[in-house]
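[1] sequence and predicted structure, then a few things I'm wondering about:
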Amino acid sequence: MVTMGDVARAAGVSPMTVSHVVNDHPHVKESTRAKVLEVMDRLDYRVNVAARNLRTGRTGTIGLAVPEVDRPYFGQLAARIITAAAKYNLRVAIEQTGASRENELDALSLSRNRLYDGLILSTVGLGPADTDLLKVDYPVVILGERIFDGPVDHVAMPNVNGACAATSHLIERGCRRIVMVDGQVSGEVDVSGLRLTGYRQALERSGIVFDPSLVVNIEKFTMQSGGEVARALVASRKGFDGVFCVTDTVAIGVLRGLADAGVRVPSRVKVIGFDNIDEGAFTVPSLSSIDPDHERMARTAVSLLVRRIEGGVAGKPRREFVSKFSVVERESTHV
């Protein structure tokens, strides 16, 4: 194995100079840097990352814990976080928690045991009662709503305002009997409850009486659940002209279910989702959605985590970031 000393001798410089080049130290002459890099390439020198991590006390890896890796939203979120982390020369280890409180606590434990330099945790199982468990001495950033007033940095979606905008979008296009396909509302701060609040706000602002029978709760945010709900709604003959879905994944299922039942979208029923996943642009009809600016959310989460890694956790105020959003109109709500 080629060592740093071998590179130094071949380049005619000191090992310290080679170290400065390897670590991208700013105070190295460009001619010297070029010579060292040429020798490193010629000798096929590879940085001993393990040894460097032992010296610095860091692993060069951050953790990302998400409920499900096989959902389009979380897959695309992970890709964006990997891209953002690469700019800091950090790798990302991804864990699937299955929306389980126990597994989310396990992810926190791995970070506590220093397998990661820090953790980005998308919470579903942990709730406000678990706030004290987040009072930790290592870097953690929360994605999501389950710990809304916790002690760590938090990157949140514009759930209430985004849901209000989605429902208002349907109202502006003539819908008056709007179904909301939502998750199980727990009474705590969560995505389903917040988006239901936004839905109700939009109805109230437009003078439309809230009808609880038009809120359909599902256990899992899957395409299959969306399809089943749509077919059941048509069979129930409730009469509806719009559907706001808690996620795009559910909305894609709703589009399929309505098509199976012979209901044309958007001429008879208009449909909008939330998340603006890539697949929504390729459905037939293409899916209107709320875009919460995932790129910025990923960049912000990684940036907050890196600040904690480099500056320490203690004594720093908690930061909260709520992303902006936009309504992306496609064929499923086009007039």
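    Nice, thanks for sending it over. Since the structure is predicted, the reported quantities are computational estimates derived from the model, not experimental observations. Numbers count the residues shown, from 1 in each chain.
[2] what residues does residue 208 make contact with?
    By C-beta atoms under 8 Å, 6 or more residues apart in numbering, the residues touching residue 208 are 171, 176, 178. All C-beta spots, glycine's among them, are computed from the backbone N, C-alpha and C.
[3] since we're on the last one, how many residues are nearby?
    Residue 178 is surrounded by 25 other residues when neighbours are defined as other C-beta atoms under 10 Å.
[4] residue contacts, the closest residue to it other than its chain neighbours?
    With sequence-adjacent residues excluded and distances taken as C-beta to C-beta, 6 or more residues apart in numbering, residue 178 is closest to residue 242, at 4.0 Å. Contacts for residue 242 (C-beta under 8 Å, 6+ apart) come out as 170, 171, 173, 175, 176, 177, 178, 179, 269, 270, 271, 272.
[5] dump those into a markdown table; add distance to residue 119 as well.
    Rendered in a markdown table, the data for the contacts of residue 242 read as follows (distance: C-beta to C-beta, whole Å):
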| residue | distance to residue 119 |
| --- | --- |
| 170 | 38 |
| 171 | 40 |
| 173 | 42 |
| 175 | 42 |
| 176 | 45 |
| 177 | 44 |
| 178 | 38 |
| 179 | 37 |
| 269 | 42 |
| 270 | 40 |
| 271 | 36 |
| 272 | 33 |
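[6] from the residues you listed, keep the buried residues only.
    Of the members of the contacts of residue 242, the ones counted as buried by neighbours, 16 or more other C-beta atoms under 10 Å, are 170, 171, 173, 175, 178, 179, 269, 270, 271, 272.
[7] give the contact list for the fifth one.
    Which is residue 178. In this structure, residue 178 makes contact with 167, 170, 171, 199, 203, 208, 214, 240, 241, 242, 243, 244, judged by C-beta under 8 Å, 6+ apart.
[8] re the thing from before, now intersect the contacts of residue 208 with the strands, please.
    Restricting those to those inside strands, with DSSP state E as the criterion, leaves residue 178.
[9] now the contacts of residue 208 in a markdown table, with distance to residue 250?
    As requested, the contacts of residue 208 are exported to a markdown table (distance: C-beta to C-beta, whole Å):
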| residue | distance to residue 250 |
| --- | --- |
| 171 | 20 |
| 176 | 22 |
| 178 | 15 |
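[10] alpha carbons of the longest helix seen in the chain, as CSV, please.
    Taking DSSP state H as the criterion, the chain has its longest helix at helix 294-311. As requested, C-alpha coordinates have been extracted for helix 294-311 and formatted as CSV (Å, rounded to 0.1, in the frame of the first residue of the first chain):
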residue,chain,number,x,y,z
HIS,A,294,-37.9,19.1,-1.6
GLU,A,295,-34.5,20.3,-2.9
ARG,A,296,-34.4,23.1,-0.4
MET,A,297,-35.7,20.9,2.4
ALA,A,298,-32.9,18.4,1.8
ARG,A,299,-30.2,21.1,1.6
THR,A,300,-31.5,22.7,4.7
ALA,A,301,-31.6,19.5,6.7
VAL,A,302,-28.0,18.6,5.7
SER,A,303,-26.8,22.1,6.4
LEU,A,304,-28.3,22.2,9.9
LEU,A,305,-26.8,18.8,10.7
VAL,A,306,-23.3,19.8,9.4
ARG,A,307,-23.4,23.0,11.6
ARG,A,308,-24.1,20.8,14.6
ILE,A,309,-21.3,18.3,13.6
GLU,A,310,-18.8,21.1,13.2
GLY,A,311,-19.8,23.4,15.9
